[in-house]
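Undergrad: pasting the sequence and the predicted coordinates here, then a few questions.
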Amino acid sequence: ELKGSQTTLANEPTIQTASIIAETIGETSLTLKVQLGNGGEHIIIAKQGSAVNQFPVDGKGYTDNLIFEKGTDLGAGNYVVYKGTNTQITVTGLKSGSTYNFACLEYNGSTLAANNYLSNNPALLTQQTVLSEPTTQASNIVFSGVTESSLALKWTRGNGLNCIVLAKEASTVANLPQDGSSYTANTVFGSGGDLGAGTYVVYNGNSNSTEVKGLRSNIEYFFSVFEYNGTGNTINYFTSVPTKGSDTTLTAEPTLAASNLSFSSVLGDRMTLQFTAGKGTKRIVVARKGGAVNQVPHDGISNYEANAKFGSGFDLGGGNYVIFNGSESSVTTTGLVGATSYHYAVFEYNGDKGVSNYRTSDFLTGVQATLEDEPGAQASAIKFSNITENSVTVSWTGGGSSNRLLVARAGQINKEPQDGVQYTADEVF
């Protein structure tokens, strides 16, 4: 008598798995979430580099393993990574920066022989793992070209494919870029991606410099540079020990230059300058001998050493000496040479230390010559001769100059000539 038995297949599910998505993407792992159909269980198959092309056969059971390549190989690298009822799983043992394909199918059956798989239209997913994190961070931020509303920064690149620069006003960057997230950069501060707490992306690319605009005057701005690999949701940022730096924008430039320069008390070795102050909180006066002032002060430097004695203050270059630095509107300069023209320029500025901002687009200028040196000796031994009723001859011994002035008055002389005034002489009284 020949006998035998056969288990029939369970009923095939009628509703396939709706979707399979990647919730968390790592370098060597992927966390997957499944929206189920109406099977008693579901099976997930994974393949590296190309679409899943082998599927389970009805009436057979398979060994699953969440470590890729450890479960049953259906053939051609199609591995069973999970079977069961969980809607969320984490697959490990993957390679960074590699593409993996998944297929999820519903099935019914309580024994291996009864398994009945719904193979039509399985839920599919293609997902790349995150590239390895860079190992060398960017370094050495250097600032230049600082103005009241912009600055440039440059840094030394690390070994990431790209880098991202974050900026924050008035305090250090605290929020970090998140792996798997890409950010839009804009060099206008406040217009790029916002990471929260006023932290904005001002650069995203593979260069090592950028210029940031749209800044406020006299504010310290903080920057951090992060190297990263990958694109889109496979981005992997190197967030440990980011390179950091900060710089302060200049104070706002004065809106009005000084005006109305005049000179007084002009002698052979000194003179006094007076002017109407502009809209700066302070100003410097620059003097140059024999030619126009041809150097201007540099923004960010307010401690130019001034000395009213010509030639003793800071030289901006080419004999352009700072003779005054302060808030007043007059200065007496000394140490001058007689019968020599001196040129002057007055520059208004705001701010101190590294944030000073000079108005150099227009500034007050003027020129004034010193007097001839005063004679070393006065004329002497005045004598009168050839005296008539309406004339007289006057003679004297000359002093220490080649010129002299003779003054006559009916009565005692009670006035002296004024320096700097050219007088017309006539022998007719």
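TA: It's in.

Undergrad: now the strands for the stretch 51-200 of the chain?
TA: Applying DSSP state E, counting those that start in this stretch to the stretch 51-200 of the chain gives strands spanning 79-84, 88-91, 99-108, 116-117, 123-128, 139-144, 151-156, 162-169, 194-196, 199-205.

Undergrad: where does pLDDT dip in the stretch 101-250 of the chain?
TA: The stretch 101-250 of the chain contains residues with pLDDT under 70 at 112-113.

Undergrad: hang on, L176 packs against F238?
TA: No - in this structure L176 lies outside contact range of F238 using Cβ atoms under 8 Å: 10.4 Å. C-betas here are computed from N, CA, C, even on glycine.

Undergrad: name the residues contacting each of these two.
TA: With contacts defined as Cβ atoms under 8 Å, 6 or more residues apart in numbering, the residues shared by L176 and F238 are F226.

Undergrad: between the two, who's got more neighbours?
TA: Using other Cβ atoms under 10 Å, the more surrounded residue of L176 and F238 is F238, with 23 against 15.

Undergrad: that one: what's it in contact with?
TA: Counting by Cβ under 8 Å, 6+ apart, F238 makes contact with 133-135, 137, 158, 160, 226-228.

Undergrad: closest one to G290 among the strands of the stretch 51-200 of the chain?
TA: Among the strands of the stretch 51-200 of the chain, strand 139-144 comes nearest to G290, with 34.7 Å by Cβ to Cβ.

Undergrad: mind listing what's buried in that closest one?
TA: For strand 139-144, the neighbour count (16 or more other Cβ atoms under 10 Å) marks 141, 143 as buried.

Undergrad: tally up the residues packed near the residue nearest to E27 when sequence neighbours are not counted, please.
TA: Residue nearest to E27 in three dimensions, not counting chain neighbours: S96, with 4.1 Å by Cβ to Cβ, 6 or more residues apart in numbering. Other residues lying near S96 total 17 when counted by other Cβ under 10 Å.

Undergrad: ok, now how distant is S96 from L131?
TA: For S96, the distance to L131 equals 6 Å [Cβ to Cβ, to the nearest Å].

Undergrad: which neighbours do the two have in common?
TA: 27, 236.

Undergrad: can you tell me which residues contact the closest residue in space to S329 that isn't next to it in sequence?
TA: In this structure, S329 finds its nearest non-sequential neighbour in A277, 4.6 Å apart by Cβ to Cβ, 6+ apart. For A277, the contacting residues are 258, 283, 327, 329, 348, by Cβ under 8 Å, 6+ apart.

Undergrad: residues contacting the nearest residue to the third one once chain neighbours are set aside?
TA: Computed as Cβ to Cβ, 6+ apart, the closest residue to S327 that is not its neighbour in sequence is K282, at 5.1 Å. Under the criterion of Cβ under 8 Å, 6+ apart, the contact partners of K282 comprise 302, 325-327, 348-350.
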